[in-house]
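Asks: Structure for the following, please:
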Amino acid sequence: MYAILKFDVEDVYYPPKYRIDDIPGWLARIMTEEGIRGTFCVTGEKARTMKERGREDVLTAMAAHDIFSHTRGNIRPLIPEALQDKGWCDGVETMMAYEEKSAADIHFAYGRKPAGITRHNCYTAAQHVAAAGRQGQAYLSAIMWAGENRQPLWYAGTLCLNTSNEPAFGGFDTIYTCDAAFEAQLAKLQPFVADCASKNVEFATLFGCHPVEVMAHGWLEHYTLGGGITRTPQEVGWLYAVKPPEMEEIAKVNFRRLCKAIKALDGVTVLGASEAAKLFSTQPRTIYRDEMAAYGRQLEQAGGPILHTTFSPAELVTGMAESVLHSEAHGDVPYEIARRDVLGPTTVPVTGRQVDLVTHEQLVAMSRELVQHVQTQGSLPGNLHVNGLLMGLGQFAVAIGRSYAALSRYEKYARLCVLDTSRYPAEAMRIDNWIRNCVQEHRPYSPDFTCEKLALHARLQTWTIKPAWLRPPRGAASGDPRIWSGAFKP
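Replies: Next up, the predicted model:
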């Protein structure tokens with residue numbers, strides 16, 4: 001099993017005399033001494049603050065490890081605020097510009113650009129994830145699920161490590177300074193790894209800590225951002241408090257013990273998140289005929305778009321549409337078709353049926369429309385057109401799945417009934433629920449803040465979800481639910 005050891009470095013509130021800035025430095029030095037590569041997720045404002053405070057010692061120690069952008073930090077507009085009125089394309093461009101500023105702060109402090117991007121707090125969105133992919137970078141701490149699958153995931157064209165789906169182990173934030181509490185938590189590490197091994201888990205996250213929590217009392221961000229305004233600790237009336245220096249020495253000893261325990265784990269390789277991203281970025285170049293035929297049958301049985309173990313619904317629907325066009329021109333569906341990188345729709349599919357029946361010729365025409373949209377826009381269309389009426393993407397997916405499955409067995413439907421289907425895979429509503437509960441109801445926003453567009457685009461991009469594997473499962477059996485649950489290795 002591969003694992004990353006991750007830290008979220010973000011506090012800018014404590015003045016230098018409280019020496020909170022020391023902590024990521026000694027964390028980094030201990031890891032270097034113990035031969036472990038860590039991943040520091042650093043906010044842009046934290047990186048710039050340490051540089052301006054002259055903490056070259058800390059920055060140099062951290063630079064021996066992976067540095068990821070942890071967003072700009074608590075600078076307004078926060079990501080959800082910046083995106084609440086944005087669509088897909090302008091939202092991605094907004095996030096590209098946003099991360100350019102964070103990258104500039106990281107470069108100012110460390111002399112290099114961040115190796116990837118990660119979520120800070122609840123400040124995330126599908127467009128933020130997509131911005132990482134546009135830059136060829138991985139995204140950490142993405143909020144998404146894929147059934148029972150515990151692999152890293154692809155979403156919105158981006159490899160996402162440390163998602164809601166994956167196993168993670170941590171809980172050390174405040175307890176490095178307490179031997180008894182640390183000992184109790186450390187004892188859970190080996191059982192966690194054993195459980196991962198029993199389920200054939202290929203990747204896990206070990207969360208080292210938020211460095212500020214090791215020594216500070218309280219979490220200032222909870223108070224300085226609220227109700228749409230930003231206040232300083234002085235305006236809040238905060239009284240700074242940290243643990244005594246002798247407790248920091250206890251924390252150092254215990255963190256070194258954690259590093260040694262991780263090094264001693266059998267079958268676990270700890271590496272930086274950028275290296276892990278390279279390992280899990282393998283994607284098949286083609287989709288086989290039997291894979292699409294099996295998926296077509298699954299679509300019909302499910303009555304709507306569903307996830308697959310190797311390919312995204314967007315890739316499979318595009319592949320089937322291209323294969324149907326190939327069959328129309330050459331008399332047979334091809335043995336394999338090139339896999340295309342395809343985003344989910346950026347426009348909303350219709351809910352009910354405007355079309356009740358489609359002929360084979362109409363399905364071919366819609367396949368041509370879909371493929372042209374993918375080639376020109378890089379994304380699925382939300383709706384296809386039939387005699388001036390709309391056919392929703394979910395409805396089309398089931399219809400093209402049924403048609404492709406028939407063609408693959410040398411049969412052909414003259415016409416098909418259009419079925420009522422969902423507009424997105426079922427996981428869309430789980431992500432939507434998280435956004436509405438954890439973003440919409442989060443404390444920093446003004447009373448008129450809305451996350452409607454954030455939730456919409458997050459749902460639409462669930463068409464792009466697929467697991468990321470060291471060796472992607474291939475063949476018709478790749479949709480076998482035993483792979484999702486980890487019952488056997490591909």
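
Asks: how does the protein divide into domains?
Replies: For the chain, the domain assignment from automatic domain parsing gives the residue ranges 2-279, 286-425.

Asks: Can you say which of those domains is nearest to D480?
Replies: Of all these, it is domain 286-425 that lies closest to D480, at 7.5 Å by Cβ to Cβ. For the C-beta atoms, the positions are set from N, CA and C on the backbone; glycine is no exception.

Asks: how close does D179 get to A197?
Replies: Per Cβ to Cβ, to the nearest Å, D179 is found 28 Å from A197.

Asks: among the domains of the chain, which is nearest P467?
Replies: domain 2-279 (3.9 Å).

Asks: pLDDT of that closest one, averaged?
Replies: Taken as a whole, domain 2-279 carries a mean pLDDT of 96.

Asks: center of this protein, which residue is that?
Replies: Central residue check for the chain by Cα atoms, centre = their mean: the C-alpha nearest the mean position is that of A142, 3.2 Å away.

Asks: That one: what's it in contact with?
Replies: With contacts defined as Cβ atoms under 8 Å, 6 or more residues apart in numbering, A142 is in contact with 119, 124, 129, 153, 155, 158, 160, 162-164.

Asks: ok so, going back, using TSV, lay out the domains of the chain together with distance to N437.
Replies: Listed next are the domains of the chain as TSV, based on distance: least, Cβ to Cβ, whole Å:
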stretch	distance to N437
domain 2-279	10
domain 286-425	19
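
Asks: Surely R471 is within a helix?
Replies: No - counting by DSSP: H, G, I helix; E, B strand; the rest coil, R471 is located in no helix; its state is coil.

Asks: The domains of the chain: which one's closest to A455?
Replies: In terms of Cβ to Cβ, the element of the domains of the chain nearest to A455 is domain 2-279, at 9.4 Å.

Asks: How far off centre is that closest one?
Replies: Averaging C-alpha coordinates over domain 2-279 and over its chain gives two centres that are 14 Å apart (Cα atoms, centre = their mean, to the nearest Å).

Asks: Next, the distance between the ends of it.
Replies: Counting by Cα to Cα, to the nearest Å, you get 9 Å between the two ends of domain 2-279.

Asks: In the stretch 101-250 of the chain, what residue spans correspond to helices?
Replies: 126-134, 179-186, 189-198, 211-215, 221-224, 233-236, 245-263 (DSSP state H, counting those that start in this stretch).

Asks: between the domains of the chain, which gets nearest to A468?
Replies: Sorting those by Cβ to Cβ, the top spot, which is the nearest, belongs to domain 2-279 at 4.2 Å.

Asks: So the closest residue to H120 other than its chain neighbours, which state does it fall into?
Replies: Once flanking residues are discounted, H120 sits nearest to T71: 4.3 Å by Cβ to Cβ, 6 or more residues apart in numbering. Applying three-state DSSP to T71 yields a three-state assignment of coil.

Asks: hang on, T71 packs against G44?
Replies: Yes - contact criterion Cβ atoms under 8 Å: T71 and G44 qualify, at 7.2 Å.

Asks: Between those two, which contacts overlap?
Replies: The contact lists of T71 and G44 share S102, where a contact means Cβ under 8 Å, 6+ apart.

Asks: List the residues that contact the residue lying farthest from the centre of the chain.
Replies: Distance to the chain centre peaks in the chain at A414, reaching 41.4 Å (criterion: Cα atoms, centre = their mean). Residues in contact with A414, defined by Cβ under 8 Å, 6+ apart, are 359-360.

Asks: at 10 Å instead, please
Replies: Under the criterion of Cβ atoms under 10 Å, 6 or more residues apart in numbering, the contact list for A414 reads 359-361.

Asks: Next one: it from A406, what distance?
Replies: When Cβ to Cβ is applied, the distance between A414 and A406 equals 10 Å.

Asks: what's the answer for D57, then?
Replies: 68 Å.

Asks: So the two - more neighbours on which side?
Replies: Taking other Cβ atoms under 10 Å, D57 and A406 do not tie; A406 has more neighbours (16 against 13).

Asks: Pretty sure the more buried one sits in a helix.
Replies: Yes - the assignment for A406, made by three-state DSSP, places it in a helix.

Asks: The closest residue to L161 other than its chain neighbours: what's it in contact with?
Replies: Spatial nearest neighbour of L161, chain neighbours left out: P152 (4.9 Å); criterion: Cβ to Cβ, 6+ apart. Residues near P152 by Cβ under 10 Å, 6+ apart: 2, 138-140, 142, 146, 159-163, 165-166, 202-203, 205, 276-277, 279-281, 467-470.

Asks: before we move on, the earlier item: any common contacting residues for A414 and A406?
Replies: Common neighbours of A414 and A406 are listed as H360 (criterion: Cβ under 10 Å, 6+ apart).
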